[in-house]
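A.B. asks: One predicted model, sequence on top.
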Amino acid sequence: MQKLNRTQWKFIGWAVCLLALAAGLLMITGVNKHEGRAVLIINQENYAVDDDQSLTPIELAVTELSELQKTDSFIRLVISKSDLEADLASNDQDIRQMVVDVRKSIEILELDENNVEILVTWNDPTISEQLANAVSKSYAEWKAVAINDLE
C-alpha cells in the first residue's frame, strides 16, 4: 500500500471541507423544510360558469385562490389562524417580511376536476399544516361571503 504525500493529504482535506460546506448549505437552504397539505373539494354548483366562459369551476377556484394569495389582507388572515399569529405583534418591517415569506411558501395546485391542493412549505411541520389549513378555511369563508353577496 502506498503512502500519501503532503499534496495528496491537502487535496483530501480540501475535499472534506468542501463536502462539509455543501452539507451545511443544504441544511440551511431547505433540507429541514416540511410540507403541509390541504385539499379543497370544489362544489361545482358554487361556480357560475357561462357557456362562453373559458374557465372550468376548478380553474376558476385556482384563479381566485391565486388572486387572494396576492393580497396582504388574505395572507394576514391566514397568519392569524396559525401559531405565527403571535408574531403579528412585531414591528411593521417584521410583519411585512412574514407576509412575504408566507405568500412565497404557498402553492396552489389543481389535482383533478373537483379538488384543489394547497401546499405550504415551512421549516416547522406544525406551522406548515396550520398554514395550509388556514388557506383552505379562509378561502371557504371568502367564497361563502361572495356567494351570499350574489344572492
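C.D. replies: On my side now, so go ahead. Numbering: from 1, shown residues only.
A.B. asks: the longest helix in the chain is where?
C.D. replies: If you go by DSSP state H, the chain has its longest helix at helix 125-150.
A.B. asks: tell me what that one is packed against?
C.D. replies: strand 34-41, helix 57-69, helix 72-80, helix 92-105, strand 115-122 (3 or more CB pairs under 8 Å, 6 or more residues apart in numbering; DSSP states H and E). C-beta coordinates here come from the backbone N, C-alpha and C atoms, glycine included.
A.B. asks: quick one, which of the ones you listed is packed in tightest?
C.D. replies: The highest mean neighbour count among the helices and strands packed on helix 125-150, using mean count of other CB atoms under 10 Å, belongs to strand 115-122: a mean of 19.
A.B. asks: Got the domain ranges for this protein?
C.D. replies: Per automatic domain parsing, the domain ranges recorded for the chain read 1-32, 34-150.
A.B. asks: Including mean pLDDT, could the helices and strands packed on helix 125-150 go into TSV?
C.D. replies: Converted to TSV, these look like this (pLDDT from 0 to 100):
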stretch	mean pLDDT
strand 34-41	93
helix 57-69	92
helix 72-80	95
helix 92-105	92
strand 115-122	96
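A.B. asks: now those in a markdown table, with distance to residue 133?
C.D. replies: Shown next, in a markdown table, are the helices and strands packed on helix 125-150 (distance: least, CB to CB, whole Å):
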| stretch | distance to residue 133 |
| --- | --- |
| strand 34-41 | 5 |
| helix 57-69 | 14 |
| helix 72-80 | 9 |
| helix 92-105 | 13 |
| strand 115-122 | 8 |
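A.B. asks: Let me know the angle separating the longest helix of the chain from helix 57-69.
C.D. replies: 110 degrees (axes from the mean of the first three to the mean of the last three CA atoms, to 10 degrees).
A.B. asks: Determine how far helix 125-150 lies from the middle of the whole chain.
C.D. replies: 14 Å (CA atoms, centre = their mean, to the nearest Å).
A.B. asks: How about stretch 113-123?
C.D. replies: Its chain's C-alpha centre and that of stretch 113-123 lie 8 Å apart, by CA atoms, centre = their mean.
A.B. asks: Not counting its own residues, what contacts it?
C.D. replies: 32-42, 44, 56, 58, 61-62, 65, 105-111, 128-129, 131-132, 135-136 (CB atoms under 8 Å, 6 or more residues apart in numbering).
A.B. asks: Lovely, talk soon.
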